[in-house]
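Engineer: here are the coordinates; sequence isn't available:
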C-alpha cells in the first residue's frame, strides 16, 4: 500500500530541484500534490510529468512572501483535492556575497523568501493541518542553518537558522493537536542551482567537504521528506534531519 494514499500535499518551490523531486516522490507514495512556484513554465512542466504518470496534481503560481498568495494556495489545495494534510516549505534562495557586499535589499529579500515564507505557510495552513488528523509539515532548512559554512551568505545562514528553531517552536506548539513539524537540512545537492559551478573549484570544494565524497541527489532529500510526512514517522516531531553526506558530523 502507498504510504500517502488519500492525502493532499502542498509543495513550494516545486518546479525544479529538491521541490520537483519531492513532488514526484509524494505523488509516487499516493498523495495528490499542489505544486507551487514563481516559475510558471517549469512548474507547468513538472505538473504535466506527474499528471502523465497518473498522479493527481495541479500547479499554482505562488510568491511565498505574499499573504494573499498563501491564502490562495491553501484554498486551491482544498478546492482541488478536498483537504490539506502535508505542507513542504521548500522554496528558497541564496547567494555567496560576504556581509560587506550584502545590501539591505538583498538581506530583506532573502529573509522574506527563506524565513518569512515558512512562517506564512505554517500560519496559513494551520487550520487545515489541524483538521487533517495526520497533519505534517517539513521545512527545508540547510546545513548552513547550523554551521557557518564559508563565512559568506549571511542572510541565507540567518534565515535557515531561524527555520531550524522555528520548526521546533511550532512542533511543540502543535504537538498535542496532531500536527508534526520537522526540518530537513540538505548538504550540497546536485540541483540546477549549481549549474554555474560545474567543473569549477567551488564544485570540487563542496565535494571535498562532504565525507561521502560526492554531491547529494534531490531524490535523496525527497526520500527524507516522504518518511517524515508518512505514518512511519508518527512519533517524530521537532526533528532536524541532516541529509548531507556526513558534512555536519565533521
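Structural biologist: Sure, I can see it. Just so we're clear, the structure is a prediction, and the values are computed from it rather than from any experiment.
Engineer: going forward, measure contacts and count neighbours with C-alpha atoms only.
Structural biologist: Will do.
Engineer: how about the helices in the protein?
Structural biologist: 17-28, 40-52, 67-81, 104-111, 117-132, 154-174, 201-208, 218-229 (DSSP state H).
Engineer: please work out which of those helices is packed deepest.
Structural biologist: helix 17-28 (a mean of 25; mean count of other C-alpha atoms under 10 Å).
Engineer: weakest of the helices of the chain in terms of mean pLDDT?
Structural biologist: Here the lowest mean pLDDT among the helices of the chain goes to helix 201-208, at a mean of 91.
Engineer: now tell me what touches it from outside.
Structural biologist: Contacts with helix 201-208, where a contact means C-alpha atoms under 8 Å, 6 or more residues apart in numbering, come from 188, 194, 197, 213-215.
Engineer: next, the distance between the ends of stretch 19-36.
Structural biologist: End-to-end distance of stretch 19-36: 9 Å, with C-alpha to C-alpha, to the nearest Å as the criterion.
Engineer: so residue 189 is in contact with residue 218, correct?
Structural biologist: Yes. Assessed by C-alpha atoms under 8 Å, residue 189 is found in contact with residue 218 at 6.4 Å.
Engineer: can you mark which positions in stretch 177-185 are buried?
Structural biologist: Judged by neighbour count using 16 or more other C-alpha atoms under 10 Å, the buried positions of stretch 177-185 are 178-185.
Engineer: sorry, back to before: lowest pLDDT pick from the contacts of helix 201-208?
Structural biologist: For the contacts of helix 201-208, the weakest pLDDT value sits at residue 197, with 78.
Engineer: ok, and the closest non-adjacent residue to that one?
Structural biologist: Among residues not flanking residue 197 along the chain, residue 203 sits closest, at 5.6 Å (C-alpha to C-alpha, 6 or more residues apart in numbering).
Engineer: against residue 144, how distant is that neighbour?
Structural biologist: Here residue 203 is placed at a distance of 16 Å from residue 144 (C-alpha to C-alpha).
Engineer: quick one, what contacts the nearest residue to residue 218 once chain neighbours are set aside?
Structural biologist: Using C-alpha to C-alpha, 6+ apart and skipping the chain neighbours, the partner closest in space to residue 218 is residue 18 (4.7 Å). Contacts here follow C-alpha under 8 Å, 6+ apart; on that basis residue 18 touches 90, 191, 218-219, 221-222.
Engineer: got the contact list for the residue nearest the centre of the chain?
Structural biologist: In the chain, the residue lying closest to the centroid (C-alpha atoms, centre = their mean) is residue 90, at 2.1 Å. Residues in contact with residue 90 (C-alpha under 8 Å, 6+ apart) are 11-14, 18-19, 139-140.
Engineer: ok, of those residues, which one's closest to residue 79?
Structural biologist: For the contacts of residue 90, the residue nearest residue 79 by C-alpha to C-alpha is residue 11; the value is 16.0 Å.
Engineer: can you get me a residue count around that closest one?
Structural biologist: Here the number of neighbours of residue 11 (other C-alpha atoms under 10 Å) works out to 24.
Engineer: and it, bridged to which residues?
Structural biologist: According to DSSP bridges, the partner residues bridging residue 11 are residue 35, residue 88.
Engineer: just checking, it touches residue 88?
Structural biologist: Yes. The pair residue 11 / residue 88 is scored as a contact, 4.8 Å apart, by C-alpha under 8 Å.
Engineer: now render the contacts of helix 201-208 as a markdown table, adding neighbour count and distance to residue 122.
Structural biologist: Output for those, formatted as a markdown table (neighbours: other C-alpha atoms under 10 Å; distance: C-alpha to C-alpha, whole Å):
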| residue | neighbour count | distance to residue 122 |
| --- | --- | --- |
| 188 | 23 | 26 |
| 194 | 12 | 28 |
| 197 | 12 | 33 |
| 213 | 13 | 35 |
| 214 | 18 | 33 |
| 215 | 20 | 30 |
